[in-house]
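Q: The sequence and its predicted three-dimensional model are supplied below.
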Amino acid sequence: GAGVSQSPSNKVTEKGKDVELRCDPISGHTALYWYRQSLGQGLEFLIYFQGNSAPDKSGLPSDRFSAERTGGSVSTLTIQRTQQEDSAVYLCASSLAVTGDYGYTFGSGTRLTVV
Amino acid sequence: GESVGLHLPTLSVQEGDNSIINCAYSNSASDYFIWYKQESGKGPQFIIDIRSNMDKRQGQRVTVLLNKTVKHLSLQIAATQPGDSAVYFCAENRNYGGGADGLTFGKGTHLIIQP
């Protein structure tokens, strides 16, 4: 597509439920990144995919968080047994990931509210 | 902790004045820097970038200055307009290995334009 698409744009869930957030990157972008942004805060790195593999999972805050990417395209971020502190905007970005070209294109994010 | 940070969380300027947003980074090996603008409810958008072999780069109404000696980056916005109100993030390149690179983001500065 023309841009990075994320769905849903908003999600309200009850504490303890599982949620899935979807990211559809720009066609041809091999790298995909997930970030979390709490209210009034910066971008917290979660995970990075190169193709379908995730060489850097260092940012996942706990084992309740997992992500996968299939076909080198769509990625899903799953949060199990959601907690109130998981409430944030989850941003996805993609890039060509060619050395020397670091430009990210971001989606508009999914605003997750855990009640 | 993050290797990129910002000096001021909020900057308020009068419409028509020039704005200067500052950023400090700690990784002396970083060789590429980007400024992003994030408007309310949207994902960050690329503004301007600079490589470490340069100390200044100009765009349309924006200028980025890089001082590698003190590891300092700044974004200057000329004749600020109401549409410049946003959170501004600096970012530096981050090497994931294997030929792929990504970015580390600072916490952001909220620029407020007063009429």
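A: Nice, I can see it.
Q: near chain B, which residues of chain A?
A: Contacts of chain A with chain B, taken as CB under 8 Å from any CB of the partner chain, map to A:4, A:31, A:33, A:35, A:40-43, A:45, A:48, A:50, A:55-56, A:91, A:93, A:95, A:97, A:99, A:102-109. No exception for glycine: its C-beta is placed from N, CA and C like everyone else's.
Q: Could I get the contacting residues of B:Leu111?
A: Counting by CB atoms under 8 Å, 6 or more residues apart in numbering or on different chains, B:Leu111 touches B:11-13, B:19, B:21, B:77, B:80, B:84-88.
Q: And B:Gln81, by the same measure?
A: The contact partners of B:Gln81, by CB under 8 Å, 6+ apart, come to B:15, B:113.
Q: quick one on the thing from earlier: among the contacts of B:Leu111, name the buried ones.
A: Buried members of the contacts of B:Leu111, scored by 16 or more other CB atoms under 10 Å in any protein chain shown, are B:11, B:13, B:19, B:21, B:77, B:80, B:84-88.
Q: for the helix or strand of chain A with the lowest mean pLDDT, packing partners?
A: When the helices and strands of chain A are compared on mean pLDDT, DSSP states H and E, strand A:53-56 comes out lowest with a mean of 79. With contacts taken as 3 or more CB pairs under 8 Å, 6 or more residues apart in numbering or on different chains; DSSP states H and E, strand A:53-56 sits against strand A:44-50, strand B:86-97.
Q: Switch those strands over to TSV; also include mean pLDDT.
A: Shown next, in TSV, are those (pLDDT from 0 to 100):
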stretch	mean pLDDT
strand A:44-50	87
strand B:86-97	79
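Q: In JSON lines, list these along with distance to B:Leu73.
A: Formatted as JSON lines, the helices and strands packed on strand A:53-56 follow (distance: least, CB to CB, whole Å):
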{"stretch": "strand A:44-50", "distance to B:Leu73": "19"}
{"stretch": "strand B:86-97", "distance to B:Leu73": "5"}
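Q: Name the residue of chain A that lies nearest to chain B.
A: In chain A, the residue that lies nearest chain B is A:Phe106 (3.2 Å; CB to the nearest CB).
Q: Tell me, how many residues neighbour A:Leu43?
A: A:Leu43 has 27 neighbouring residues, counting by other CB atoms under 10 Å in any protein chain shown.
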